[in-house]
Every structure is written in structure tokens, then in C-alpha cells.
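**Q** Sharing a sequence plus its predicted fold:
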Amino acid sequence: EVQLLESGGGLVQPGGSLRLSCIASGFTFSSYAMSWVRQAPGKGLEWVSGISGSGGSAYYADSVKGRFTISRDNSKNTLYLQMNSLRAEDTAVYYCATCQVWGTGWCNYFDPWGQGTLVTVSS
Amino acid sequence: DIQMTQSPSSLSASVGDRVTITCRASQSISSYLNWYQQKPGKAPDLLIYAASTLQSGVPSRFSGSGSGTDFTLTISSLQPEDFATYYCQQGSSTPLTFGGGTKVEIK
């Protein structure tokens, strides 16, 4: 069974840092690009960042570029998101998701998703 | 960036109704359009990818159509378990972007 399990969320002060992890199982992790998608309370979905299967290419939304860093350890089947200089507007549930490709590009759609981890940025 | 606009933002419908949700892209995305269902407190689930391909295990009452900039998600006969929020997402170019969501509520 394919499974994604996020951890690392919590309460952090503005300007602080947090590292999220997502452990994958049930598929060949290194063969798939991965992404982080977030959802602020009561709001819609926002793609945050993605990384190729090898880890050689990383992609970021403008809203987090320069503050967040995505990485992966294929030997541990684990995806990471290092979040620095956190702001109140980064408060959200963060989901990791497996990228699927049916055409061109590095990621066409997301399936499956993890259950999410809540990040709250507040003083 | 490609903007995705969904309409309506919410709708009320009865069990058995036919429901249609639309999604418009700010520029052509060919068939790189996906639909997700999200229930409260849960992660989104993929319903349809490549505009019209039903994900394995998804009931056949769900269907998708469209190409270019205009797309539609149709639920042919709404069931109690279908009350949820639906999102479209474009997979044509980075940044990958979602529509604002359509909340389907019980009338």
C-alpha cells in the first residue's frame, strides 16, 4: 500500500524555522518527483515546492522562494521541507504529494497525498 | 503564472441531481487539467487527470471534459458521499496552480 506520512509541524514564532519530513512507503520513491502543497485554515490549496526524483531539480512558488528549501534522501525514502523566516501567512496544513506524469513536464498531477501536518506561525 | 478560475464557488444540490462545475485557465493548458475532491479534515483525493481520465476506483458518475482553457467536472447523479469541496489544478507549467474550489452542499 502506498503511504505518505508527514511530521514536523507545530507552533513557531514569526521569523523562526521548522523542518517538515514526509516518509514514503509502498512505491519506488526515487522514481517519482514529489511536491509540498499547503492549505491555510479555511482556504484553498497552494502548491509550495517540488523536487525531481533524483533531487537534482527543485521548484518553488514565488511566495516561499528564498525562504524554503526542499530536499530528499532517497536512501531513507524521505522528503523534507526546510522552512526559514516563517511568517504568519505560512500558517497552514502542509501536505506532501507524489507527482505523476502522463505527458510532458516534471509533474502533471498529485497522487497520492499524505494526511498533512499543521504549521502555525504565531507569537 | 497560469490562473485557474472555478465557478461557482459554492452550490446547493439534492441527492440525485446532476452537478456541473467549471474551471477556466488564463491561457491554454491543453489537457493538463486535474480534479480533486476534498472532505473536511482530509487530504484531497484525485478524481480525474488529463481532463477526462477517471482515476482508478472513482465512481463512473464523475466525468470530466474540456481542453485548452475551458473545462468541466460533472457528477451525473449526486450521492450523499459527494458533498465536499472540489478543486481543479493545472499541470501544464510551473508554478502548478489550483482553482479556488467549489463547495458542494446539501440543499
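**A** Alright, I've got the coordinates.
**Q** Show me what counts as buried in stretch B:66-83.
**A** For stretch B:66-83, burial by neighbour count (16 or more other C-beta atoms under 10 Å in any protein chain shown) applies to B:66, B:69, B:71-73, B:75, B:78, B:82-83. Placement of C-beta: from N, CA and C, glycine included.
**Q** and it, what's its mean pLDDT?
**A** Here stretch B:66-83 scores 97 as its mean pLDDT.
**Q** Could you tell me the end-to-end distance of it?
**A** Taking C-alpha to C-alpha, to the nearest Å, stretch B:66-83 runs 23 Å from one end to the other.
**Q** next one: stretch B:71-81
**A** 23 Å.
**Q** Farthest-apart pair in the buried residues of stretch B:66-83, please.
**A** Pairwise distances among the buried residues of stretch B:66-83 were taken by C-beta to C-beta; the largest, 28.4 Å, belongs to B:69 and B:83.
**Q** Please, where are all the strands along the chain?
**A** Using chain A here. Ranges of strands in chain A, per DSSP state E, are A:3-7, A:10-12, A:18-25, A:34-39, A:45-51, A:58-60, A:68-73, A:78-83, A:92-100, A:109-113, A:117-121.
**Q** you looked at the wrong chain, it should be chain B
**A** B:4-7, B:10-13, B:19-25, B:33-38, B:45-49, B:53-54, B:62-67, B:70-75, B:85-90, B:97-98, B:102-106.
**Q** Please tell me how far the residue in chain B that chain A sits nearest to sits from residue B:98.
**A** In chain B, the residue found nearest to chain A is residue B:91; the distance is 3.6 Å by C-beta to the nearest C-beta. Going from residue B:91 to residue B:98 by C-beta to C-beta, to the nearest Å gives 11 Å.
**Q** Neighbour count: these two, which is higher?
**A** Counted by other C-beta atoms under 10 Å in any protein chain shown, residue B:91 and residue B:98 do not tie: residue B:91 has more neighbours, with 27 against 22.
**Q** returning to what we had before: could you save the strands of chain A as CSV and add columns showing distance to residue B:103 and mean neighbour count?
**A** Listed next are those as CSV, based on distance: least, C-beta to C-beta, whole Å; neighbours: other C-beta atoms under 10 Å in any protein chain shown:
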stretch, distance to residue B:103, mean neighbour count
strand A:3-7, 25, 17
strand A:10-12, 28, 14
strand A:18-25, 27, 18
strand A:34-39, 14, 24
strand A:45-51, 13, 24
strand A:58-60, 29, 18
strand A:68-73, 29, 18
strand A:78-83, 28, 22
strand A:92-100, 17, 23
strand A:109-113, 19, 22
strand A:117-121, 21, 18
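**Q** and residue B:40, backbone torsions?
**A** Main-chain torsions, residue B:40, degrees, to the nearest 10: phi -50, psi 130.
**Q** Excluding covalently adjacent residues, which one is nearest to residue 16?
**A** No chain was given, so I picked chain A. residue A:86 (5.3 Å; C-beta to C-beta, 6 or more residues apart in numbering or on different chains).
**Q** oops, I was thinking of chain B
**A** residue B:77 (5.5 Å).
**Q** who touches the one you found in this structure?
**A** Contact analysis of residue B:77 by C-beta atoms under 8 Å, 6 or more residues apart in numbering or on different chains lists B:16-18, B:61.
**Q** go with 7 Å
**A** B:16, B:18, B:61 (C-beta atoms under 7 Å, 6 or more residues apart in numbering or on different chains).
**Q** wait, isn't the second one in contact with residue B:82?
**A** In other words, residue B:18. No. At 11.6 Å, residue B:18 does not count as touching residue B:82 under the criterion of C-beta atoms under 7 Å.
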